[in-house]
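In: sequence and predicted structure are below.
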Amino acid sequence: MDTPMRRAEQPCELGGVIMKGTLMRPASRAPLVSVLAAAAALSLAGCGAVVSAAPSSSSAAAFATAPASPSPSVSAAAGPGGAATPGTTPSSAPAPAELKTYTFPNGHVSFKYPADWKVELFTGAGSPTDSATATVVDTSGTEQATVYSGRVADGVSHPVTRTVYESAPVPGLAAQPAPAAHYGFYVDRMDGNATYRMHLAAGVPQPGQGSALDGIIRAGDGVILADVKFIEKPFTNDAAAKSWLAGAEGQALKALLLSISYS
């Protein structure tokens, strides 16, 4: 089967935010948003630098209690290309963990993360407060998630069949423009290929037939993108994905996304 071709359009400005054109990519590739976010930061400010970021504050809150209680999860046991069948799957909370709070140089966007992890910040050399990507790294040196705050973002669109494991609104972004930001963990399937994503989505991720979600969240006069970094094929099946979500790492990353706020 032919690989879908990439289609790009000229950027335009909407409410002070530069929104690039639709891109067409194969669904089997690794998650795109965090890569696009970093590229956006580069394109905005030219050459950049990576610096170790010191957190703005720390707290001893538990991951399980940091965000508001999520809405009931949606799950399904669907084979490749099959339609999702909704259900409910509770997520058991792991033991409490010490948290730190990271705040971007612009002073608006912040999030909580495990105290023994670290945040590395990439900023454009010219305007560090306009566009920046924070990469969250665990104790083994593995990059676990990226959070981007800036004024440039790309979107993707292609038809998929989605199985949603869990989603919930993000309390700290509730006052931002609609569609409301939601944490989501799901798998998109297209042509027998599965793409797993845990990220912030604009609106509630819907199961069944639909289009890939771009994850561009409007906040203030800019945008936020946040994605967990998965390898190309992180899970063998739905059961493995749900098991990971219920574990310490899955819950830590879920809590990180739910803690993102704009002030």
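Out: Alright, I've got the coordinates.
In: so residue 156 touches residue 214, yeah?
Out: Yes - between residue 156 and residue 214 there is a contact at 5.7 Å, judged by CB atoms under 8 Å. For the C-beta atoms, the positions are set from N, CA and C on the backbone; glycine is no exception.
In: quick one, strands of the stretch 51-200 of the chain?
Out: Assigned by DSSP state E, counting those that start in this stretch, the stretch 51-200 of the chain shows strands spanning 57-59, 99-103, 109-114, 118-124, 132-137, 143-150, 152-156, 159-169, 181-190, 193-202.
In: any chance of those in JSON lines, plus mean pLDDT, distance to residue 258 and mean neighbour count?
Out: Output for the strands of the stretch 51-200 of the chain, formatted as JSON lines (pLDDT from 0 to 100; distance: least, CB to CB, whole Å; neighbours: other CB atoms under 10 Å):
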{"stretch": "strand 57-59", "mean pLDDT": "40", "distance to residue 258": "15", "mean neighbour count": "12"}
{"stretch": "strand 99-103", "mean pLDDT": "97", "distance to residue 258": "12", "mean neighbour count": "20"}
{"stretch": "strand 109-114", "mean pLDDT": "98", "distance to residue 258": "9", "mean neighbour count": "24"}
{"stretch": "strand 118-124", "mean pLDDT": "91", "distance to residue 258": "17", "mean neighbour count": "20"}
{"stretch": "strand 132-137", "mean pLDDT": "97", "distance to residue 258": "14", "mean neighbour count": "23"}
{"stretch": "strand 143-150", "mean pLDDT": "96", "distance to residue 258": "12", "mean neighbour count": "24"}
{"stretch": "strand 152-156", "mean pLDDT": "76", "distance to residue 258": "21", "mean neighbour count": "21"}
{"stretch": "strand 159-169", "mean pLDDT": "96", "distance to residue 258": "6", "mean neighbour count": "22"}
{"stretch": "strand 181-190", "mean pLDDT": "97", "distance to residue 258": "5", "mean neighbour count": "24"}
{"stretch": "strand 193-202", "mean pLDDT": "96", "distance to residue 258": "9", "mean neighbour count": "23"}
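In: residue 249: which of these is closest?
Out: strand 143-150 (7.8 Å; CB to CB).
In: so which elements touch that closest one?
Out: helix 33-45, strand 109-114, strand 132-137, strand 222-228, helix 248-258 (3 or more CB pairs under 8 Å, 6 or more residues apart in numbering; DSSP states H and E).
In: CA atoms only for it, dumped as CSV, please.
Out: This file holds the C-alpha atoms of strand 143-150, laid out as CSV (Å, rounded to 0.1, in the frame of the first residue of the first chain):
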residue,chain,number,x,y,z
GLU,A,143,13.4,11.2,28.1
GLN,A,144,9.9,10.7,29.3
ALA,A,145,7.9,13.7,28.2
THR,A,146,8.1,17.1,26.5
VAL,A,147,6.1,20.2,27.2
TYR,A,148,6.3,23.1,24.7
SER,A,149,5.2,26.7,25.3
GLY,A,150,5.4,29.1,22.4
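In: check what contacts it and list those residues.
Out: Strand 143-150 is contacted from outside by 33-34, 37-38, 40-41, 44, 104, 106, 108-109, 111, 117, 130-138, 219, 222-229, 249, 253, 256-257, 260, using CB atoms under 8 Å, 6 or more residues apart in numbering.
In: so what strands line up beside it?
Out: Using DSSP bridges, the strands paired with strand 143-150 are strand 132-137 (antiparallel), strand 222-228 (antiparallel).
In: output those strands in TSV, with distance to residue 123 appended to each entry.
Out: Output for the strands paired with strand 143-150, formatted as TSV (distance: least, CB to CB, whole Å):
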stretch	distance to residue 123
strand 132-137	5
strand 222-228	14
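In: just confirm residue 243 is within a helix.
Out: Yes - judged by DSSP: H, G, I helix; E, B strand; the rest coil, residue 243 forms part of a helix.
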